[in-house]
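*Asks:* A predicted structure for the sequence below; I have some questions about it.
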Amino acid sequence: MSIVSSAVDAPVDSAQRQVFTEPETSRAWWFLGTLAVLRNPVGAPRLPAVIELTIPPGGSPPRHVHHELEDSFLVLDGELVVRCGEQNIVGKPGTYVVVPLGTEHTFRVTSPGPARLLLIHADDSFLQLIEAAGTPALALRLPPAGEFDMDMETLIRLNEEHDSRIVGPSLEEDDARAVLGADKGTANVQAALGPVNHISLNVTDVRRSAQWYADAFNLMRASEEVADDGSGHVLLASSTGGWLLSLTTAASSGVEHVAITCRDRATLVAWRELLTDRAAAPGTITDASYGSGFVVRDPDGLELELFAPPAATP
């Protein structure tokens, strides 16, 4: 994969100027746990700045305010709750949000997979913040969790230098779920189940298979736990959101199971209790760094997993 330099624009002769971009030819940064891809061609005007931002599940910036920038974005994939002043918005694919100048705002990704936003900015202060705080991305995937975090003092200083004053904490999980109308009662458990979260495959060489699927289907590595002997587990995510592929080392290859999404672990627990009441004999819940889940088998012994993504790290 070829990603061009993330350097600031330099003057380019109009006859030689790049006139379009593909994701692979765009400048990209790992920025505070996200992947930021600048879609403006090299040498083209920086404004409007068009930035494709991929945010992991549970991602939530501190509440902040701009005085020069009207923050605006189109939701391409995933789901997020946006808090704009006193107003709450549930953003889904097709939702377009414009935050007025001077309005405190934040959001939280509530979908089981990453959310992808297309930011369209008439001011380049946020782009300058990405250039100042980000690290040039080596691949079009989310960065390893926590690898490029920074201390709060530095984060506050850089934000203030780029018209993004931090005024409060991130949006909490419980607050976001309350906006979505999440209810732990049995009556609403059914509505909280789905869609398909991931397909789990057994493979004989997890590194080889992960590379093949990533290259063939343009998937991003969401998590990886591979031992020195090559055995382990890799979770790949679609770069456009919507589905995950889980690969696990096994003696023979094949389809292991299909997993259906629960919004969070509490919903997962509620579903297990409900299936127990219905004599479906669900298995015990297993917790891992990439999420929690349990398996239930149908009369033919086929496995169906109910899966909840991991809670965001504070």
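*Replies:* Sure, I can see it.

*Asks:* Could you pull out the buried residues of the longest strand anywhere in the chain?
*Replies:* Longest strand in the chain by number of residues, with DSSP state E as the criterion: strand 193-203. Within strand 193-203, the residues scored as buried using 16 or more other C-beta atoms under 10 Å are 193, 197-198, 200-203. For glycine as for every other residue, the C-beta is placed from the backbone atoms N, C-alpha and C.

*Asks:* My guess is Ser223 contacts Gly232. True?
*Replies:* No - the pair Ser223 and Gly232 fails to qualify as a contact (C-beta atoms under 8 Å) at a distance of 10.4 Å.

*Asks:* Compare these two (neighbour count), which wins?
*Replies:* Set Ser223 next to Gly232 and count neighbours by other C-beta atoms under 10 Å: Ser223 wins out with 20 against 16.

*Asks:* my guess is the more buried one is in a helix, correct?
*Replies:* No - per DSSP: H, G, I helix; E, B strand; the rest coil, Ser223 lies outside any helix segment and is strand.

*Asks:* Next up, the contacts around it.
*Replies:* Neighbouring residues of Ser223 by C-beta atoms under 8 Å, 6 or more residues apart in numbering: 145, 233-235, 289-290.

*Asks:* and if we set it to 10 Å?
*Replies:* Taking C-beta atoms under 10 Å, 6 or more residues apart in numbering, we find Ser223 in contact with 56, 142, 144-145, 233-237, 244, 246, 288-291, 310.

*Asks:* ok so, going back, partner strands of the longest strand of the chain, parallel or antiparallel?
*Replies:* Using DSSP bridges, strand 193-203 pairs in its sheet with strand 244-249 (parallel), strand 254-262 (antiparallel).

*Asks:* wait, which of the ones you listed is closest to Leu180?
*Replies:* strand 254-262 (13.2 Å; C-beta to C-beta).

*Asks:* In whichever helix or strand comes after that closest one, which residues are buried?
*Replies:* Later in the chain than strand 254-262, the nearest helix or strand by DSSP states H and E is helix 265-277. Under the neighbour-count criterion of 16+ other C-beta under 10 Å, helix 265-277 has 265-272, 275 buried.
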